[in-house]
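# Sequence unavailable; structure follows:
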């Protein structure tokens, strides 16, 4: 039996090839392990930075939130802050408002982050509020399409708000990234700009953790983000008038002003045997339809309805302009908030028909017993009709 001699160098070449293959596999494995360790270390670094002793409480974050580029910044809400009473109330009020506006669209929002990020609901909301149609695709499934829609919607929003001095605290990436703080800032601004018939909780805040990457290291800061201010500011009354000065610097004279306006009002309402006794108290008794139709009224005493339901404002305008207001134009005995708002809105229309400027107050302010708003409306009537007998 003869043995074949190996070709010179073949064995050595085979060993080299096997060694090369082994090292290649080992190198790839080591490279993947090294990369995985770097990612793991970076994620751990991010968590440690956020859960540092300076942090009021540990925060469970998405690992992707710590993978930042140099000088990049991301924010996240402290979960404990979401349990705040005013924060939860703000979210609920805004969700209810959106659902009310979009009820005819059969859109039901349950989560601000999950339902608004793709721009579809925001598009419909803005179209309803601004009474205009946006030139965007109705349905967009891709991320690119969603961001393009958001870009159009937000550009329209910004064009509406910027001229009125609004600070833009949102962008396409923050809304599409489901940043709840940015979404809330946007919705609060829209509600205020379009004078939504809602009452936002005052001084609603949220604790926000800001993560920044500087020179390869993650830095964190805890910031209190203010989402709403006072009702006065949120109603858009940035121009002060005599009533602001009166309330702030001469409260002792407030009773004199109220007395003068009540005297003026009763001078005319007394013709119908009606009388106002207090501007800030809402009563529960109403004139009957039969008595109003016959222009026969009874004195309601301390249980007078005042102005919060709009009934007296409507009747007063009829008296001042010397005409009878048909009962089908307003609710004589309003049963809910919406019917009261309707009455006050109708009274405002009668005022404008009579040559008065559109009241600065919202109908909702009157219904919500905002004294300063009520005084402003009555003072405008007094200014024009004070010599009317």
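Okay, I see it. The shown structure was predicted, so the numbers you read here are calculated from the model rather than taken from an experiment.

# Show me where the stretch 201-350 of the chain has its strands.
205-214, 217-226 (DSSP state E, counting those that start in this stretch).

# Of all those strands, which one is nearest residue 158?
strand 217-226 (19.9 Å; Cβ to Cβ). Just so you know, the C-beta spots here come from the backbone N, C-alpha and C atoms, and that holds for glycine as well.

# Okay, now the sheet partners of the closest one, with direction.
strand 205-214 (antiparallel) (DSSP bridges).

# Make JSON lines out of the strands of the stretch 201-350 of the chain and add mean pLDDT, distance to residue 322 and mean neighbour count.
Converted to JSON lines, the strands of the stretch 201-350 of the chain look like this (pLDDT from 0 to 100; distance: least, Cβ to Cβ, whole Å; neighbours: other Cβ atoms under 10 Å):
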{"stretch": "strand 205-214", "mean pLDDT": "84", "distance to residue 322": "52", "mean neighbour count": "18"}
{"stretch": "strand 217-226", "mean pLDDT": "84", "distance to residue 322": "50", "mean neighbour count": "13"}
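
# could I get these as CSV with distance to residue 166?
Putting the strands of the stretch 201-350 of the chain into CSV (distance: least, Cβ to Cβ, whole Å) gives the following:
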stretch, distance to residue 166
strand 205-214, 19
strand 217-226, 14
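
# Would you mind saying which of the ones you listed lies nearest residue 88?
strand 205-214 (10.5 Å).

# Would you check how far apart residue 308 and residue 341 are?
In this view, residue 308 and residue 341 are 11 Å apart by Cβ to Cβ, to the nearest Å.

# So for those two, which sits in the more crowded spot?
Neighbours were counted for residue 308 and for residue 341 using other Cβ atoms under 10 Å; residue 308 has more, 23 against 20.

# Show me where the stretch 101-250 of the chain has its helices.
Taking DSSP state H, counting those that start in this stretch as the criterion, the stretch 101-250 of the chain carries its helices at 112-116, 120-130, 143-161, 172-176, 180-193, 231-234, 242-249.

# circling back: indicate which one of the strands of the stretch 201-350 of the chain is closest to residue 168.
With Cβ to Cβ, the closest approach to residue 168 among those belongs to strand 217-226: 15.0 Å.

# could you check the angle helix 180-193 makes with the closest one?
Going by axes from the mean of the first three to the mean of the last three Cα atoms, to 10 degrees, strand 217-226 is angled at 30 degrees with respect to helix 180-193.

# shaky segments in the stretch 151-300 of the chain?
The model of the stretch 151-300 of the chain has pLDDT under 70 over residues 231-253, 278-300.

# Could you rerun that using 80?
Within the stretch 151-300 of the chain, the segments meeting pLDDT under 80 span 163-166, 195, 197, 215-216, 229-257, 277-300.

# Buried residues in the host helix or strand of residue 374, which are they?
Using DSSP states H and E, residue 374 falls within helix 371-385. Residues of helix 371-385 classed as buried: 372, 373, 374, 375, 376, 377, 378, 379, 380, 381, 382, 385 (neighbour count, 16 or more other Cβ atoms under 10 Å).

# Let me know whether the fourth one touches residue 259 as I believe.
No. Taking contacts as Cβ atoms under 8 Å, residue 375 lies outside contact range of residue 259: 11.7 Å.

# Could you verify my assumption that residue 357 touches residue 381?
No. Between residue 357 and residue 381 there is no contact under Cβ under 8 Å: 11.8 Å.

# Let me see the ranges of the strands in the stretch 1-150 of the chain.
Using DSSP E, counting those that start in this stretch, strands in the stretch 1-150 of the chain cover 73-77.

# Point out where it drops to low pLDDT.
1-75, 137-141.

# Farthest pair within the buried residues of helix 371-385?
372 and 385 (20.7 Å).

# Give the buried residues for stretch 110-122.
112, 115, 116, 117, 118, 119, 120, 121, 122.

# scratch that, stretch 354-369
Counting neighbours by 16+ other Cβ under 10 Å, the buried set in stretch 354-369 is 356, 359, 360, 361, 362, 363, 364, 365, 366, 367, 368.

# quick one: least confident of those residues?
Across the buried residues of stretch 354-369, the bottom pLDDT score, 74, is held by residue 360.

# so that one sits right up against residue 376, yeah?
Yes. At 6.0 Å, residue 360 counts as touching residue 376 under the criterion of Cβ under 8 Å.
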